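Undergrad: I would like to see how this sequence folds:
(one chain, ligands or ions: 1)
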Amino acid sequence: MKVERVLITGTTSGVGRALLEYYAKSGAQVLSVNRRQVPALESRYPHVRFECLDVRSAEGVQKLVAELAASAELPEVFILNAGINRVDNDESFELSSYREVIDTNLYGVLNFIQPLTLLPRGQVPRHVIAISSMANYVGNPYGLGYHTSKRALTTCFRVWSRMYAGTDLVFQQVMLGPVRTAIYSMAHRFPAWVIWIRDAFSASIDGVVRAVSRLARSRRKTLFYPWHAVLLYLAMWLCQSLVPGFFQGQKTLAGKLRRGEGSRPDPAGHA
Ligand SMILES: NC(=O)c1ccc[n+]([C@@H]2O[C@H](COP(=O)([O-])OP(=O)(O)OC[C@H]3O[C@@H](n4cnc5c(N)ncnc54)[C@H](OP(=O)(O)O)[C@@H]3O)[C@@H](O)[C@H]2O)c1
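TA: Below is the predicted model:
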């Protein structure tokens, strides 16, 4: 089955941008939802429709879905990919950064679900794909918003995939392992060996695009990609469960003992 129309969020970089390129080349009508305009990207893909919309805006997303439904232009595939990662739980817990991550990674997806589930049943299956993460199983304690947002997202999609099974709404999710993109902004805060291991288990962007596009042509509920990264997360989960203190954030990223003598958090909230 060829995808005729696809909506992708977060296409200015990384996985979203690669998906945009793939679907645009395949001849699909692509609707790209970004929070900012990138003139070079828009002039490179003149046939792609670019909507400048922050996925955190429930109102904006609802208006977009309603307009698409009214003009019979609703895509049959929604790839809800936009996401961010922040250090929000290092020297102290930073509520505003945590909230920004939850608003983007969780509500930035959920904002699409309410209007989609309100639509009357369609003639064709409509695939709604969330880009979750294997980090929902084993969290980085310093990026708590990321861990909890993906965990909640995964729970929501698991419920919906069962609840709407056999209907026109096909809920699917990708448990993505590491991919080298702009989102991995904490790299310089970890020792080199951690980055080396992460890179060794990373997927290529091309591989991710192929796997996600295959998923969109199926009714499979969950895709784990790449498979070899599952081993990494399993090993991390075992170590976190069995080795006292392993990757629990008991030291700050700067290596200081948490709440040890003379290590007061900066009241201004600067890491
Ligand atoms: N890379 C990995 O290792 C990895 C692993 C597992 C899961 N994932 C997931 O894969 C997805 C794509 O991430 P990526 O690795 O491709 O990262 P990326 O290169 O940083 O791309 C993230 C995209 O999301 C957009 N975005 C962020 N906030 C937005 C908002 N409020 N409204 C609209 N767009 C917004 C960004 O736009 P701007 O350019 O404007 O910031 C960018 O286009 C994310 O959901 C991420 O959690 C990634």
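Undergrad: near the ligand, which residues of the stretch 1-150 of the chain?
TA: 9-16, 34-36, 54-56, 81-84, 104, 108, 131, 133 (C-beta under 6 Å from any ligand atom). Glycine gets a C-beta too; all of them are placed from N, C-alpha and C.
Undergrad: rerun that using 8 Å as the cut-off
TA: 9-18, 33-36, 38, 53-56, 81-85, 103-105, 108, 131-135, 146, 150 (C-beta under 8 Å from any ligand atom).
Undergrad: ranges for the strands of this protein?
TA: Here the chain has its strands, by DSSP state E, at 5-9, 29-34, 49-52, 77-80, 126-133, 169-176, 222-225.
Undergrad: closest one to residue 187 among those strands?
TA: When the strands of the chain are compared by C-beta to C-beta, strand 126-133 sits nearest residue 187, at 16.1 Å.
Undergrad: who does that closest one pair up with?
TA: The pairing partners recorded for strand 126-133 under DSSP bridges are strand 77-80 (parallel), strand 169-176 (parallel).
Undergrad: can you tell me which residues contact residue 7?
TA: By C-beta atoms under 8 Å, 6 or more residues apart in numbering, the contact set of residue 7 is 30, 31, 32, 33, 68, 75, 77, 78, 79.
Undergrad: per-residue confidence for it?
TA: Listed pLDDT for residue 7 reads 98.
Undergrad: for the residue of the stretch 51-200 of the chain found nearest the ligand, what are its contacts?
TA: Ranked by C-beta to the nearest ligand atom, the top residue of the stretch 51-200 of the chain for proximity to the ligand is residue 83, at 2.4 Å. Counting by C-beta under 8 Å, 6+ apart, residue 83 makes contact with 10, 104, 105, 108, 131, 149, 183.
Undergrad: now swap in residue 260 and tell me
TA: Here residue 260 is in contact with no residue (C-beta under 8 Å, 6+ apart).
Undergrad: hmm, back to that, Throw the contacts of residue 83 into CSV and include pLDDT and neighbour count, thanks.
TA: As requested, the contacts of residue 83 are exported to CSV (pLDDT from 0 to 100; neighbours: other C-beta atoms under 10 Å):
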residue, pLDDT, neighbour count
10, 98, 26
104, 98, 24
105, 98, 28
108, 98, 28
131, 98, 26
149, 98, 28
183, 85, 17
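Undergrad: can you add distance to residue 234 and give these back as CSV?
TA: Shown next, in CSV, are the contacts of residue 83 (distance: C-beta to C-beta, whole Å):
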residue, distance to residue 234
10, 28
104, 28
105, 23
108, 28
131, 21
149, 22
183, 22
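Undergrad: next step: these restricted to helices.
TA: The helices, defined by DSSP state H, take in 108, 149 from these.
Undergrad: surely residue 104 and residue 57 touch.
TA: No - taking C-beta atoms under 8 Å as the definition, residue 104 is not a contact partner of residue 57, at 11.1 Å.
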